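Undergrad: Build me a model from this:
(4 chains)
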2 protein chains.
Amino acid sequence: MKDLLHPDLTFRLNGRLWIEGPTDRFMGIGRLELLEKIHRLGSISRAAQEMQMSYKRAWELVSSMNQQARQPLVSTQTGGKRGGGALVTPEGQQLLHEFEELQARFQTFLAAETARLLE
Amino acid sequence: MKDLLHPDLTFRLNGRLWIEGPTDRFMGIGRLELLEKIHRLGSISRAAQEMQMSYKRAWELVSSMNQQARQPLVSTQTGGKRGGGALVTPEGQQLLHEFEELQARFQTFLAAETARLLE
DNA sequence: AGTCGTTATATTTCTTCAAACATAACGCTT
DNA sequence: AAGCGTTATGTTTGAAGAAATATAACGACT
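TA: This is a model prediction of the structure:
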């Protein structure tokens, strides 16, 4: 493979994984990152701004995930101390872990295939 | 994982792989399919119409691949018998095979992870 | 009561990307 | 010489998605 590629350019193998439902995506690398930030920051809006994402988009992603889960992955509160907030439920945390581990196995796969193809 | 998902919906794990250069994508599932059709049909335009893709887009993909390869993967001829045509060079055919095999290994990976996650 | 930061949601604007359209050149075939 | 199907390329149009803007509700805190 490597002998087919232009010698002046550098190439890399890349990829994405996601879980899709009948209508919407359910989980992917972006949603995973969003969940992680909500968990860490306790707020959808702060997670959104840390991802350079509009609050609206972040909220829509959370809504989509919650609707497709058996029980909410993120629970929210309007008003109150600090104006409200959001937290990742135990179910959400479990999903977070499992999908993170899947991502790690995928990275291993990518590394092995990269070695096979490009080195 | 399965116990986290809404019981009325069906989910599946999916993914994509590609090889990227510094500026453009070099190879992906769409480009692979295009190469295969050009090889089979001997024409960019016929390959494009079989993929429901505009000729222009197909041509741009071919051009991008050729520019990033050491030697052309598709060679073309304007005019002549049948008005011209295109063929996949030996280098292109080698790429075709290798990337197809990579895709097959990826499908195996996906199947294994699906069993792990969703069954 | 008023302020604050957040969730929640609708509407509008912008941008980006794909599709559509148009045109020329090429070389065999008739 | 004229026609055909193809490659090759520029220009215009359209559609989808993202971003921006706006507004309301909520509940603690001052």
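Undergrad: Which stretches in chain A count as strands?
TA: A:12-20, A:25-27, A:74-78, A:84-88 (DSSP state E).
Undergrad: Closest approach to DNA strand D from chain A, which residue is it?
TA: DNA strand D sits closest to residue A:79 of chain A, with a gap of 2.2 Å, by Cβ to the nearest atom of the strand. For every residue, glycine as well, the C-beta is placed using N, CA and C.
Undergrad: Need phi/psi at that residue.
TA: phi 70, psi 170 (degrees, to the nearest 10).
Undergrad: Could you measure from it over to DNA strand C?
TA: Residue A:79 sits 4 Å away from DNA strand C, going by Cβ to the nearest atom of the strand, to the nearest Å.
Undergrad: Spell out which residues of chain A are next to DNA strand C.
TA: A:43-46, A:55-56, A:59, A:62-63, A:76-80, A:82-86 (Cβ under 7 Å from any atom of the strand).
Undergrad: Name only those of these that count as buried.
TA: Among the residues of chain A next to DNA strand C, those classed as buried by 16 or more other Cβ atoms under 10 Å in any protein chain shown are A:43-46, A:59, A:62, A:76, A:85-86.
Undergrad: Now narrow the residues you listed to whatever sits close to DNA strand D.
TA: Answer for those near DNA strand D: none qualify (Cβ under 7 Å from any atom of the strand).
Undergrad: related to what we said a few turns ago, out of the strands of chain A, the one nearest residue B:14 is which?
TA: strand A:12-20 (5.6 Å; Cβ to Cβ).
Undergrad: Dump that closest one to CSV, restricted to CA.
TA: Only the C-alpha atoms of strand A:12-20 are listed here, as CSV (Å, rounded to 0.1, in the frame of the first residue of the first chain):
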residue,chain,number,x,y,z
ARG,A,12,-3.0,8.2,8.1
LEU,A,13,-5.8,5.7,8.7
ASN,A,14,-8.7,7.0,10.6
GLY,A,15,-12.3,6.0,11.4
ARG,A,16,-15.4,6.5,13.4
LEU,A,17,-17.8,4.3,15.3
TRP,A,18,-21.3,5.0,16.4
ILE,A,19,-24.5,3.4,17.6
GLU,A,20,-27.5,4.2,15.5
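Undergrad: so residue A:78 bridges to which residues?
TA: Judged by DSSP bridges, the bridge partners of residue A:78 are residue A:84.
Undergrad: And for the closest residue to residue A:105 other than its chain neighbours, the neighbour number?
TA: Excluding the flanking residues, the one nearest residue A:105 by Cβ to Cβ, 6 or more residues apart in numbering or on different chains is residue B:113, at 7.0 Å. By the measure other Cβ atoms under 10 Å in any protein chain shown, the count of residues near residue B:113 is 17.
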